[in-house]
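*Asks:* 3D, please:
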Amino acid sequence: MLGFGTAFRKWGLEAAWTWLAATSVFFYGWWNPAHVPLLLVSVTSNFWLGRKLALPDQGQHRWLLAIGVVVNLGLLAWYKYWHFLASNVALLLNLDWDHTPLELPLGISFYTFHQLTYLLHCRAGRAEGTTFRHYLLYITFFPQLIAGPIVRPMEMLPQLRERRERAFRWEDISIGFTLLSIGLFKKMVIADHVARWISPVFDEASRASSIAMLDAWIAVLAYTLQLYFDFSAYSDMALGLARVFGVSLPGNFYSPYKALSIVDFWRRWHITLSLFLRDYLYIPLGGNRKGEVRRNLNLLIVMIIGGFWHGAGWTFGVWGLWHGMALLINHAWMKSAASQSLRGSCGTLFSWGLTFLTIIIGWTFFRAHDLQGAFTILKGMAGFSGLELPVAWLDRLVFLKALGFSGRSDWLVFESPWQIVQLLALLAATLCLPNAIQLASGSLTPSNHASLPFRPSRWHWQPSFGWACVSGLMLAVALLHLGRLSEFLYFQF
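*Replies:* Have a look, this model is predicted:
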């Protein structure tokens, strides 16, 4: 902030943007300097292609765009998918394959999608007049570089061209640091707290043939909540840090566990990825314009690709397929007359419960090391590996023995009833409390606010002494947990 403000004061806004772009590249290189040349070469070559595509078409645009798509996706495939594809081909042909995967450059999935979007906008004539300075900052802007959101050129580039009289506004700094405090608290205090109940079960599931029912449920619910608070934390921090510099990023996370259908879930979870896949894959494939059968096939293809985008593994592909099938069932249900019967409180509760169950089953595949481990955990959750409860519980609830429950004293992650209370309380918080965008409404407007399923909240942030105390307390508690640093989950995607 000091460097940005100094550059603005001495040389103006463009110098400040240059400083911010340079520090963003430095921030990226701090993780692994070896990946900085790849990032800069990618940015430079895509900017050159974009300039060519922005000129009047003389029969070159099609092959220039094809080169850009092939090179960008080729780099992503080489680093992220080559080992996965080669190992599976070797397995199919019964060949030896003992090579180790390439180290995945941080954020390559995100900045690849950013650059593809830019090339498409250039070809459509919607990115004229972009300077290299602005483009470099658009790609490397540190709040969104590593884990999103996926920002479209016209959501950010026009903001860089707006004139301003001051480097910072106190309103932006206030709401920015509030969102930063909320995000740090979610990540350091909540997400990392429940994370310790996850790995022992998923690691054991990849080796063992059964997992106790209580262990399985605790691990899956803990991961469901860890992913929620981890991803929402990063999304809040990205919005807040960008706002400090006067930039509005798109909202990427909007209380997804409040969804009453899988269609609604994908309007709330990783919103910018959903819109990217819709606009640049689903619609070009034909969308829903070529009949219901083709629409269903397109939807399945898009969701499977979206699953593999998260990682090179069959578990991610199955996760995408699971959500694709759920979306098809959801669309068919909404068209049926029976859907009108789910009204009132009971209908809402049933819709939420079925949607949430679908989500957590999907997360089981998403987190598992392999498909066998995922099915082992799901079997445990369903009680197919035995109906076991702590011995002390059965001593008090004797009637459960008649229902087939037995006692168990050795657990992987179960500790006490207090552990279950914590998980249920956190789940209740995701359902009852407003999200950061709702809290900041009136003070922060995401660049994609028109597409968000916005609902007003009774609680609103304002630059007051009370909110300053709340933000300061959350920040202080989060900083006390810095000793157990861990990366954001979406860094690995």
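*Asks:* contact partners of stretch 19-34?
*Replies:* 3-4, 7, 35-36, 39-40, 103, 105-107, 133, 136-137, 140-142, 145-146, 245 (CB atoms under 8 Å, 6 or more residues apart in numbering). C-beta coordinates here come from the backbone N, C-alpha and C atoms, glycine included.
*Asks:* would you list every one of the strands in the stretch 251-400 of the chain?
*Replies:* 388-390 (DSSP state E, counting those that start in this stretch).
*Asks:* Any regions of it where pLDDT drops low?
*Replies:* Along the stretch 251-400 of the chain, segments meeting pLDDT under 70 span 337-342.
*Asks:* Let me see the ranges of the helices in it.
*Replies:* 262-265, 271-277, 292-310, 314-335, 344-367, 371-382, 391-396, 399-402 (DSSP state H, counting those that start in this stretch).
*Asks:* which of those sits most buried?
*Replies:* Most buried of the helices of the stretch 251-400 of the chain, by mean neighbour count (mean count of other CB atoms under 10 Å): helix 271-277, with a mean of 22.
*Asks:* hang on, the earlier thing: drop anything exposed from the contacts of stretch 19-34.
*Replies:* 4, 7, 35-36, 39-40, 105-107, 133, 136-137, 140-142, 145-146, 245 (16 or more other CB atoms under 10 Å).
*Asks:* SS state for Gly407?
*Replies:* strand (DSSP: H, G, I helix; E, B strand; the rest coil).
*Asks:* which residue packs closest to it, ignoring adjacent ones?
*Replies:* Leaving aside its sequence neighbours, Gly407 sits nearest to Val391 (CB to CB, 6 or more residues apart in numbering; 3.8 Å).
*Asks:* Spit out the contact partners of that neighbour.
*Replies:* If you count contacts by CB under 8 Å, 6+ apart, Val391 has them with 407-409.
*Asks:* returning to what we had before: tabulate the helices of the stretch 251-400 of the chain in JSON lines, adding columns for distance to Leu480.
*Replies:* Formatted as JSON lines, those follow (distance: least, CB to CB, whole Å):
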{"stretch": "helix 262-265", "distance to Leu480": "34"}
{"stretch": "helix 271-277", "distance to Leu480": "32"}
{"stretch": "helix 292-310", "distance to Leu480": "32"}
{"stretch": "helix 314-335", "distance to Leu480": "35"}
{"stretch": "helix 344-367", "distance to Leu480": "28"}
{"stretch": "helix 371-382", "distance to Leu480": "33"}
{"stretch": "helix 391-396", "distance to Leu480": "34"}
{"stretch": "helix 399-402", "distance to Leu480": "41"}
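*Asks:* Which of the contacts of stretch 19-34 fall in helices?
*Replies:* Among the contacts of stretch 19-34, the members falling in helices (DSSP state H) are 3-4, 7, 36, 39-40, 133, 136-137, 140, 142, 145.
*Asks:* Where does the record place the domain boundaries for this structure?
*Replies:* 2-167, 171-286+346-492 (automatic domain parsing).
*Asks:* quick one: the longest one to chain centroid distance?
*Replies:* Spelled out, that is domain 171-286+346-492. Between the centre of domain 171-286+346-492 and the centre of its chain there are 11 Å (CA atoms, centre = their mean, to the nearest Å).
*Asks:* out of everything not next to it in sequence, what's closest to the most centrally placed residue in the chain?
*Replies:* For the chain, His270 is the residue whose C-alpha lies nearest the centre (CA atoms, centre = their mean; 4.8 Å). Excluding its sequence neighbours, the residue lying closest to His270 (CB to CB, 6+ apart) is Asn252, at 6.3 Å.
*Asks:* burial measure for the one you found, as a count.
*Replies:* Asn252 has 31 neighbouring residues, counting by other CB atoms under 10 Å.
*Asks:* Would you agree it is in contact with Gly148?
*Replies:* Yes. Asn252 lies in contact with Gly148 (CB atoms under 8 Å); the separation is 5.8 Å.
*Asks:* Mutual contacts of these two, please.
*Replies:* The contact sets of Asn252 and Gly148 overlap at 235, 238, 270, 272 (CB under 8 Å, 6+ apart).
*Asks:* Next, find the distance separating the third one from Pro256.
*Replies:* Put plainly, it is His270. Distance, His270 to Pro256, using CB to CB, to the nearest Å: 9 Å.
*Asks:* again with the first one
*Replies:* With the distance defined as CB to CB, Ser235 ends up 11 Å from Pro256.
*Asks:* do you know how far Ala351 is from Ala332?
*Replies:* Quick fix: residue 351 reads Ser, not Ala. Using CB to CB, Ser351 is found at 15 Å from Ala332.
*Asks:* How about Phe202?
*Replies:* Using CB to CB, we find Phe202 at a distance of 33 Å from Ala332.
*Asks:* ok now do Trp461, which residues does it touch?
*Replies:* The neighbours of Trp461, taking CB under 8 Å, 6+ apart as the test, are 175, 178, 439-440, 443, 467.
*Asks:* Apart from its chain neighbours, what residue comes closest to it?
*Replies:* Nearest one to Trp461, counting by CB to CB, 6+ apart, is Leu439 at 4.8 Å.
*Asks:* residues contacting the residue lying closest to Ser385 once chain neighbours are set aside?
*Replies:* Of all residues not flanking Ser385 in the chain, Ser210 sits nearest, at 3.8 Å (CB to CB, 6+ apart). By CB under 8 Å, 6+ apart, Ser210 lies in contact with 376, 379-380, 385-386.
*Asks:* Let me know the pLDDT of Ser210.
*Replies:* Ser210 is assigned 90 on the pLDDT scale.
*Asks:* Checking it next. Helix, strand or coil?
*Replies:* coil.
*Asks:* Quick one: mean pLDDT for stretch 213-231?
*Replies:* When pLDDT is averaged over stretch 213-231, the result is 95.
*Asks:* no, scratch that, I was asking about stretch 463-478
*Replies:* 90.
*Asks:* what do you get for stretch 442-457?
*Replies:* Stretch 442-457 comes out at a mean pLDDT of 82.
*Asks:* Pull out the buried residues from it.
*Replies:* Applying 16+ other CB under 10 Å to stretch 442-457 flags 443-444, 446-448, 452 as buried.
*Asks:* Tabulate these (JSON lines), appending distance to Leu297 and secondary structure.
*Replies:* Output for the buried residues of stretch 442-457, formatted as JSON lines (distance: CB to CB, whole Å; DSSP: H, G, I helix; E, B strand; the rest coil):
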{"residue": "Ser443", "distance to Leu297": "44", "secondary structure": "coil"}
{"residue": "Leu444", "distance to Leu297": "40", "secondary structure": "coil"}
{"residue": "Pro446", "distance to Leu297": "33", "secondary structure": "coil"}
{"residue": "Ser447", "distance to Leu297": "32", "secondary structure": "coil"}
{"residue": "Asn448", "distance to Leu297": "28", "secondary structure": "coil"}
{"residue": "Leu452", "distance to Leu297": "29", "secondary structure": "coil"}
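*Asks:* Of all pairs in those residues, which one spans the longest distance?
*Replies:* Ser443 and Asn448 (16.9 Å; CB to CB).
*Asks:* about what we covered before: out of the contacts of Val391, which are buried?
*Replies:* By 16+ other CB under 10 Å, the contacts of Val391 give Arg408 as buried.
*Asks:* okay, now the residue nearest to Trp461: neighbour count?
*Replies:* There are 22 residues near Leu439, going by other CB under 10 Å.
*Asks:* How about the contacts made by it?
*Replies:* 182, 457, 459-461 are the contacts of Leu439 under CB under 8 Å, 6+ apart.
*Asks:* go with 7 Å
*Replies:* 457, 459-461 (CB atoms under 7 Å, 6 or more residues apart in numbering).
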